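A.B. asks: fold the following.
(4 chains)
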There are 4 protein chains.
Amino acid sequence: MSIQVIVLNGGSSSGKSGIARCLQAVLPDPWLTLGTDTLVEAAPSSGPTSAAGIEFRPDGEVIVGPEFRALEAAWMTGIAAMAQAGAHIILDEVFLSGSASQQPWQNAFGPLPVLWVGVRCDRGVAAAREIARGDRVPGMAASQAGLVHEGMVYDLEVDTGQAEALECARIIAAHVEREPARAITEAPTRAGARERAREAKGESVGQAEREPAGDVGREATMGDGMQEPGEGFPPGQHPRQPAAQEMTCG
Amino acid sequence: MSIQVIVLNGGSSSGKSGIARCLQAVLPDPWLTLGTDTLVEAAPSSGPTSAAGIEFRPDGEVIVGPEFRALEAAWMTGIAAMAQAGAHIILDEVFLSGSASQQPWQNAFGPLPVLWVGVRCDRGVAAAREIARGDRVPGMAASQAGLVHEGMVYDLEVDTGQAEALECARIIAAHVEREPARAITEAPTRAGARERAREAKGESVGQAEREPAGDVGREATMGDGMQEPGEGFPPGQHPRQPAAQEMTCG
Amino acid sequence: MSIQVIVLNGGSSSGKSGIARCLQAVLPDPWLTLGTDTLVEAAPSSGPTSAAGIEFRPDGEVIVGPEFRALEAAWMTGIAAMAQAGAHIILDEVFLSGSASQQPWQNAFGPLPVLWVGVRCDRGVAAAREIARGDRVPGMAASQAGLVHEGMVYDLEVDTGQAEALECARIIAAHVEREPARAITEAPTRAGARERAREAKGESVGQAEREPAGDVGREATMGDGMQEPGEGFPPGQHPRQPAAQEMTCG
Amino acid sequence: MSIQVIVLNGGSSSGKSGIARCLQAVLPDPWLTLGTDTLVEAAPSSGPTSAAGIEFRPDGEVIVGPEFRALEAAWMTGIAAMAQAGAHIILDEVFLSGSASQQPWQNAFGPLPVLWVGVRCDRGVAAAREIARGDRVPGMAASQAGLVHEGMVYDLEVDTGQAEALECARIIAAHVEREPARAITEAPTRAGARERAREAKGESVGQAEREPAGDVGREATMGDGMQEPGEGFPPGQHPRQPAAQEMTCG
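C.D. replies: Sure, this is the predicted structure:
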């Protein structure tokens, strides 16, 4: 079952939207790009008095009220239905609460094959790009850079401080085309990630220049017919498993 | 059962988007505005070679290919699911094939209470506004002005050549708040529309400027022989029911 | 000496920019449109801490600091030099201090032939359009609607609440093409305006909707003691100049 | 005499605009950013039939007609007058004809102190960023990448493939603040550049990774109290001259 949804999660100015546009250019099928920005634009215009309850504070913090959360829940249901109906969807998201933001999306997608991609960008680089863009509330980039990845486990991570958006998109696209996706019941877990990281140490890791290494670019692939890779994942189960390649997109 | 979806159908530069923003400002609940523009923006970028198969010709004609149609079908399913999940949705649409474009939306919405609104604008006025906007392919306004209304039957029509967007929005909002919506199985019909047109001839149609919204707006409710259109609708009100006033919102 | 600069002065959401684009479409020569928005966009990005000293308050008020004023003075000098070098320029302006804002422009233009156009729009209509646009600080339209015209004397006024932008542009264009412009030393004056207003009382002023452009537009031509303002202009008509018809373009 | 104008010349998607915004953020005085985009936006809207005679071809080529050239000449005169009147100006330019495009600007600026900055970006990187941006005619980046630098001699070059816009801006800003600018009569020349390049070979050159070296990042600095560096620059005059450091902004 091939991947139906690509979720790009990253902070403001981390470069998600550029990757999304590149993905649309390099993937053979037409993919729709939707996400946080689409929803915010669709909602009544923002402000302290906004009925929809989303507020962009002068310091870059984003406050989301209960009314916006209610809209968002229906939005998620609709996006999932769109994918179930056959649309390929790239979700350009800012998980302000990290893995707690991921949970409702996982619930909405159910068994749909989803590729979870972390879009990393060094806090300083993101803040610098925010200045260069000039159309964002200053401070959002820095405040979100770490926040959005808290507790997240990804199938793949890319770092836009290390590679151009197009390169990152090609890495993601190669993954989409190559691999049958894992069903959501086999979602990446912390334990699985630790395991993969352990295994990865034995591999030769092509690192781009300037890279602070870290666990960026982890590819938690689940080969053919693989089952649950999560908690209690049997280490020896991966004889041929290329599983956790340590990669960057740079 | 109160209205869950407002469909605004009109040609390019007819003023739908302005009405949508005003509706979001005047309606008490938060409403999401989505529509043709959202889908086109979400799709891979346009051009003669676009994978998504939508093309904006230099003369203003819009050619929609089969791939775009496939995406659109999934899109409709998703939007309907969003509304079913509780989101109030304003659909800002350009029905390039008139009632034939409406049909798949009706199928997607099923029993959801939808208000179908025609946004009229004199062809010349729309073409003039297209020049004033300066961001649309010249010719789209004129080519779509009549096209999009072909075969359509509406619950309500407004004319942005006669009234500001905010006035039009107030008329629509009054309708949304006042009336229980008709289920889709009781959708407006041609027969009903002819009937209403006949009745309307006996009415004074010219509207003063700045008139209070309450009197305004053609209400194409409940044609001949129509049955109960909604919970609590007073049955005896029908026989002489002027219902279908031919009005503009100006 | 033909008109080199058209100044459109009006409040936010009064429709100046639409008129400017229509003027570019209907005038035979290429005209450049520049103005307040160009300058604000060229300046360092706004905010309470903006180095350039322009601030858009949440209530729609615009506070302009001394640093911005200094930039603006150099800006005016440059725009005037552009026109003197042969560029036809449409200035899309918001004279926050009415005639006091006009004075430095008059000084900058010197003897250049300028057409001063007031772009009127009923305060309520402008506020409604601000909501429909959705991209302006709410309140600007209402707060500026009257302010910008204080003490101003125009060659021509148009009312976008009465006519589409394209109609207004045609009236202005007809004026540009028909009449040799007055040098700045012969700028419209309050005395001339009072005179014209007095005369205008004898004329029927209410304009029907959709009237043909030809009749429309107040022409505050040629103050007292003016000499021949145009080819075929009836010479004896001047002394008590009826010229200044009080009209709208709607 | 301190620098009054910073000219950033580079191809489409090379990152000039981001650098300009960062310069506005890091420079202590307020600077206005104007340039090719401002002029194109101010001109009548483009298209094959555009009166202003600028055309963006589907393949990314830009055709500039005589009418646009005439407007442009007046535009240059005006921008120079703005700077002469005291405005600090960042010019964000695309010199489609390289040094032949520079000449009329040099004529317009006359003795004004100008800093000429080349904004380099590897053709492939620029083309990739064009895809990521999604709002440019595909092909412009590649077609302009080399073209705009033909025959150009710069005071300073930066490479956005090697460093973030903010870093590039800091290098430029340091130059602006540190050095008295050379008058235009002392503009950089090929001979001077060759000289500087020669000297540079003896220096240790901190190169960023991935750098193809070349003559990128040349900093034609004129030390404290330095005199004429131009044509006929006496080679032996720089005994301790830090002058032509080979630098990148990365």
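
A.B. asks: please count neighbours and contacts with C-alpha atoms only from this point.
C.D. replies: Noted.

A.B. asks: and chain A, which of its residues are near chain B?
C.D. replies: With C-alpha under 8 Å from any C-alpha of the partner chain as the criterion, chain A comes near chain B at residues A:21, A:24-25, A:29-34, A:38-39, A:42-44, A:51-52, A:67, A:71, A:74-83, A:85-87.

A.B. asks: strands - which of these land there?
C.D. replies: A:31-34 (DSSP state E).

A.B. asks: can you put those residues in TSV and add neighbour count, pLDDT and distance to D:Gly98?
C.D. replies: Formatted as TSV, these follow (neighbours: other C-alpha atoms under 10 Å in any protein chain shown; pLDDT from 0 to 100; distance: C-alpha to C-alpha, whole Å):
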residue	neighbour count	pLDDT	distance to D:Gly98
A:Trp31	25	96	39
A:Leu32	25	97	40
A:Thr33	25	98	38
A:Leu34	22	98	40
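
A.B. asks: and stretch A:147-167 with chain D, contact?
C.D. replies: Yes: applying C-alpha under 8 Å from any C-alpha, one finds stretch A:147-167 touching chain D at A:164-166.

A.B. asks: what about those residues, which one has the most neighbours?
C.D. replies: Within the residues of stretch A:147-167 next to chain D, most neighbours by other C-alpha atoms under 10 Å in any protein chain shown means A:Ala165, with 29 neighbours.

A.B. asks: phi, psi for it please.
C.D. replies: Backbone torsions of A:Ala165, given as degrees, to the nearest 10, read phi -50, psi -40.

A.B. asks: for A:Ala43, same thing?
C.D. replies: According to degrees, to the nearest 10, A:Ala43 has phi -80, psi 160.

A.B. asks: B:Leu34 is in contact with that one, correct?
C.D. replies: No: look at A:Ala43 against B:Leu34 with C-alpha atoms under 8 Å: they stay out of range, at 9.1 Å.

A.B. asks: redo the ones in strands among the residues of chain A next to chain B as JSON lines? Include distance to C:Ser143.
C.D. replies: Converted to JSON lines, those look like this (distance: C-alpha to C-alpha, whole Å):
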{"residue": "A:Trp31", "distance to C:Ser143": "45"}
{"residue": "A:Leu32", "distance to C:Ser143": "42"}
{"residue": "A:Thr33", "distance to C:Ser143": "39"}
{"residue": "A:Leu34", "distance to C:Ser143": "37"}
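
A.B. asks: possible to save the residues you listed as CSV with distance to chain C?
C.D. replies: Output for those, formatted as CSV (distance: C-alpha to the nearest C-alpha, whole Å):
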residue, distance to chain C
A:Trp31, 29
A:Leu32, 25
A:Thr33, 23
A:Leu34, 21
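
A.B. asks: just these now: which is nearest chain D?
C.D. replies: Nearest to chain D among these, counting by C-alpha to the nearest C-alpha, is A:Thr33 at 12.5 Å.

A.B. asks: so where do the strands sit in chain A?
C.D. replies: Remark: strands assigned in chain A by DSSP E are A:5-9, A:31-35, A:54-56, A:62-64, A:88-93, A:114-120, A:156-159, A:218-220, A:244-246.

A.B. asks: give the burial count for the residue lying closest to A:Arg129 once chain neighbours are set aside, as a bare number.
C.D. replies: Counting by C-alpha to C-alpha, 6 or more residues apart in numbering or on different chains, A:Arg129 lies nearest to A:Ser13, which is 6.3 Å off, once chain neighbours are set aside. Neighbourhood size, A:Ser13 [other C-alpha under 10 Å]: 26.

A.B. asks: one more: the one 4 residues further on?
C.D. replies: Other residues within reach of A:Ser17, judged by other C-alpha under 10 Å, total 25.

A.B. asks: and it, what does it touch?
C.D. replies: By C-alpha atoms under 8 Å, 6 or more residues apart in numbering or on different chains, the residues touching A:Ser17 are A:92, D:132.

A.B. asks: distance of it relative to C:Arg136?
C.D. replies: Shown here: A:Ser17 relative to C:Arg136, a distance of 25 Å by C-alpha to C-alpha, to the nearest Å.

A.B. asks: now do the contacts for the residue nearest to A:Arg129.
C.D. replies: Taking C-alpha under 8 Å, 6+ apart as the criterion, A:Ser13 is in contact with A:126-127, A:129-130, A:141.

A.B. asks: select the helix or strand of chain A having the lowest average pLDDT value.
C.D. replies: In chain A, no helix or strand scores lower on mean pLDDT, DSSP states H and E than strand A:244-246, which sits at a mean of 31.

A.B. asks: give me the contact list for the longest helix seen in chain A.
C.D. replies: Across chain A, the longest stretch assigned as helix under DSSP state H is helix A:66-84. Applying C-alpha under 8 Å, 6+ apart, the contact partners of helix A:66-84 are A:4-5, A:39, A:51-54, A:89, A:104-105, A:108-109, A:112, B:30, B:74-83, B:85-87.

A.B. asks: of those residues, keep whichever come out buried.
C.D. replies: The neighbour count (16 or more other C-alpha atoms under 10 Å in any protein chain shown) marks A:4-5, A:39, A:51-54, A:89, A:105, A:108-109, A:112, B:30, B:74-83, B:85, B:87 as buried among the contacts of helix A:66-84.
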